[in-house]
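Peer 1: can't give you the sequence, but here's the structure:
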């Protein structure tokens, strides 16, 4: 009876240091850790623990909710990191585009016309804008 209680306590102690994904992925390592801990604790009693297997883990509902909340927070944190990396790449691309446009004095005006063309195509509309007198002399 004492060995069973010790095993349950050791299981709670070992699993309490792991998250759900670690519990599922590291069953063998958890079993070895438990075997060593149980064998050390029961050795003075003359009991030798030869094998420990974690086959099925049932978690209380409140612990399942806590682990789900932790996993959700981790997913949100990863999503924020990915979004920040995307923002960094976009800002680099915008800087490169600005550098290219800066090299040609007429590139900005052409980009402006291309943007107006895209807008009018998307919304099926006509856009009236003032055209600089110097524009026809680009060629």
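Peer 2: All right, it came through fine. Note that this is a predicted model, so its numbers are computed, not measured. Residues are numbered from 1 along each chain as shown.
Peer 1: what residue is smack in the middle of the chain?
Peer 2: Centroid-nearest residue in the chain: residue 78, 2.6 Å away (criterion: C-alpha atoms, centre = their mean).
Peer 1: in which helix or strand would I find that residue?
Peer 2: Remark: residue 78 resides in helix 61-103, with elements defined by DSSP states H and E.
Peer 1: buried stuff in the helix or strand that that helix is followed by?
Peer 2: Moving toward the C-terminus from helix 61-103, the first helix or strand encountered (DSSP H and E) is helix 107-123. For helix 107-123, burial by neighbour count (16 or more other C-beta atoms under 10 Å) applies to residue 109. Every residue, glycine included, has its C-beta placed from N, CA and C.
Peer 1: other SSEs contacting helix 107-123?
Peer 2: Under the contact criterion of 3 or more C-beta pairs under 8 Å, 6 or more residues apart in numbering; DSSP states H and E, helix 107-123 touches helix 61-103.
Peer 1: centre of the chain versus the helix it packs on, how much separation?
Peer 2: Relative to the centre of its chain, helix 61-103 is centred 8 Å away, using C-alpha atoms, centre = their mean, to the nearest Å.
Peer 1: Ok, stretch 17-24 next?
Peer 2: 17 Å.
Peer 1: which outside residues touch that stretch?
Peer 2: 15, 26, 30, 57, 59, 67, 70, 71 (C-beta atoms under 8 Å, 6 or more residues apart in numbering).
Peer 1: State the mean pLDDT of it.
Peer 2: Mean pLDDT, stretch 17-24: 80.
Peer 1: and that stretch, which residues are buried?
Peer 2: So, applying 16+ other C-beta under 10 Å, buried residues of stretch 17-24: 18, 20, 23.
Peer 1: what does stretch 38-48 give?
Peer 2: Under 16+ other C-beta under 10 Å, the buried positions of stretch 38-48 are 38, 41, 42.
Peer 1: out of these, who's nearest residue 82?
Peer 2: Nearest to residue 82 among the buried residues of stretch 38-48, counting by C-beta to C-beta, is residue 38 at 42.5 Å.
Peer 1: need the contact list for that closest one.
Peer 2: For residue 38, counting by C-beta under 8 Å, 6+ apart, the contacting residues are 3, 6, 7, 10, 49, 52.
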